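In: A predicted structure for the sequence below; I have some questions about it.
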Amino acid sequence: MRIGVIGAGAFGTALASLLVGNGHDVRLWVREPELVGIINSSHENTLYLPGIVLPPNLKAVGRMEDAADGAELILLAVPSHFLRATAAALAPAMPWNIPVVTVAKGIENGTLLTMSEVLEDVLPVERHPYIAIVSGPSFAREVAMGQPTSVTVAARWDRIARIVQTTFSSDTFRVYTSYDLIGVQYGGALKNVIAIAAGAAEGLGLGFDARAALITRGLAEITRAAVHRGANPLTLSGLSGMGDLVLTCTGALSRNRELGFALGQGKSLEEIQKNRLSVVEGVFTARSANQLADKYGIDMPISRGVYRCLFEGQTIQAAKDDLLGRALKSEL
């Protein structure tokens, strides 16, 4: 199968490598002109996935149209806040009636649209049944190294979900299917906000008990938000919910946890992000989570605390005190 991968960050590159290993003809669009030549000659993404040897037959291209030309599946692997503009620019070059898959994890600021809804907003209605979301506990470096990984693909049309499932699945990369687009996407997006909180608690030295409580209560507020939008609550106990939440809150490769840890040690958001190449999605999603809580009256105290620490100058210590000082109530 000819596949166009749009976005050569760590995860886009890792999935492009996986797909080549599965026998597919992959064209990887790379935004940075100098990186195109490096990937094609040295078979390494030195900016976003250094130290990983890429397949020699993975072809990097500098134009999105070249990646989309003749493609039988499009994979959009750009950060969530770039998805709208990228999909709009690519749409005229996309072949019709092929799966359009995104791995972006976010809720759009302002509109509060999920990534599938952003794509539906941009693409003609005839393309909407072909949209799919892949999400779950998956660090790019471990995927690229062939470490065992399991994720979920969600789509409205079972045929599209199964095409994506068989295209991506390998001996080390296992894909499950789902119809719950909202649940899969809310789990993937909001867990990044909770991971910032978990990292901050670790940075403060609050211990494992606090981290476990944040993960568990974080799942509760993610589930409340997702169910309010029509999700199946069981989805949030699966790979794209609890699975991704645990990984992102505890894994050493988690950018969101790392940013939270630095906040907990007293660094400002500006200091932390000053020299970062990779996007920390939870920073953007914290704005949307706060908007969701306001708009729908959803109880999301951890997400609100993260928002206040990132954008309103609240200290991590004060956010901790606010959470622990809330009125006592039943767990369920």
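Out: Noted; the coordinates are in hand. What you are looking at is a predicted structure, and each value in this text was computed from that prediction instead of being measured.

In: Tell me where the protein has strands.
Out: For the chain, applying DSSP state E gives strands covering 2-6, 25-29, 59-61, 73-76, 100-102, 131-135, 149-155, 173-178.

In: which residues are in contact with the last one?
Out: Contacts of strand 173-178 with the rest of the structure, by C-beta atoms under 8 Å, 6 or more residues apart in numbering, involve 18, 134, 143, 148-155, 158, 161-162, 164-165, 168-169, 184, 235, 238-240. For the C-beta atoms, the positions are set from N, CA and C on the backbone; glycine is no exception.

In: what angle do it and strand 149-155 make?
Out: Angle, strand 173-178 to strand 149-155, by axes from the mean of the first three to the mean of the last three C-alpha atoms, to 10 degrees: 30 degrees.

In: Buried residues of strand 173-178, list them for me.
Out: 173, 175-176, 178 (16 or more other C-beta atoms under 10 Å).

In: Distance to T223 and pLDDT added to those residues, as a markdown table?
Out: Output for the buried residues of strand 173-178, formatted as a markdown table (distance: C-beta to C-beta, whole Å; pLDDT from 0 to 100):
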| residue | distance to T223 | pLDDT |
| --- | --- | --- |
| F173 | 27 | 98 |
| V175 | 23 | 98 |
| Y176 | 19 | 98 |
| S178 | 15 | 98 |
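
In: Any chance of these in TSV with distance to F311 as columns?
Out: Below are the buried residues of strand 173-178 laid out as TSV (distance: C-beta to C-beta, whole Å):
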residue	distance to F311
F173	36
V175	36
Y176	36
S178	33
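
In: so what are the domain limits for the protein?
Out: Following automatic domain parsing, the chain resolves into domains at 2-179, 182-324.

In: Which residue is the nearest non-sequential neighbour of S135?
Out: G188 (3.8 Å; C-beta to C-beta, 6 or more residues apart in numbering).

In: Count the neighbours of the one you found for me.
Out: 34 (other C-beta atoms under 10 Å).

In: Would you mind measuring from it to P99?
Out: G188 sits 18 Å away from P99, going by C-beta to C-beta, to the nearest Å.

In: go on, H24?
Out: Counting by C-beta to C-beta, the gap from H24 to P99 is 13 Å.

In: coming back round to it: looking at the strands of the chain, which is closest to L245?
Out: strand 131-135 (11.5 Å; C-beta to C-beta).

In: show me what contacts S240?
Out: S240 neighbours (C-beta under 8 Å, 6+ apart): 135-136, 151-152, 154, 178, 183-185, 187-188.

In: how about 10 Å then?
Out: 105, 133-137, 151-154, 176, 178, 180, 183-189, 191 (C-beta atoms under 10 Å, 6 or more residues apart in numbering).

In: how much space is there between it and T152?
Out: 5 Å.

In: Kindly point out which residues are neighbours of both of those two.
Out: Common neighbours of S240 and T152 (C-beta under 10 Å, 6+ apart) are 133-137, 176, 178, 180, 183-184, 187-188.

In: residue closest to the middle of this protein?
Out: Residue closest to the average C-alpha location in the chain (C-alpha atoms, centre = their mean): K105, at 2.9 Å.

In: Tell me how far the residue lying closest to that residue once chain neighbours are set aside lies from M115.
Out: With sequence-adjacent residues excluded and distances taken as C-beta to C-beta, 6+ apart, K105 is closest to G188, at 4.1 Å. G188 sits 9 Å away from M115, going by C-beta to C-beta.
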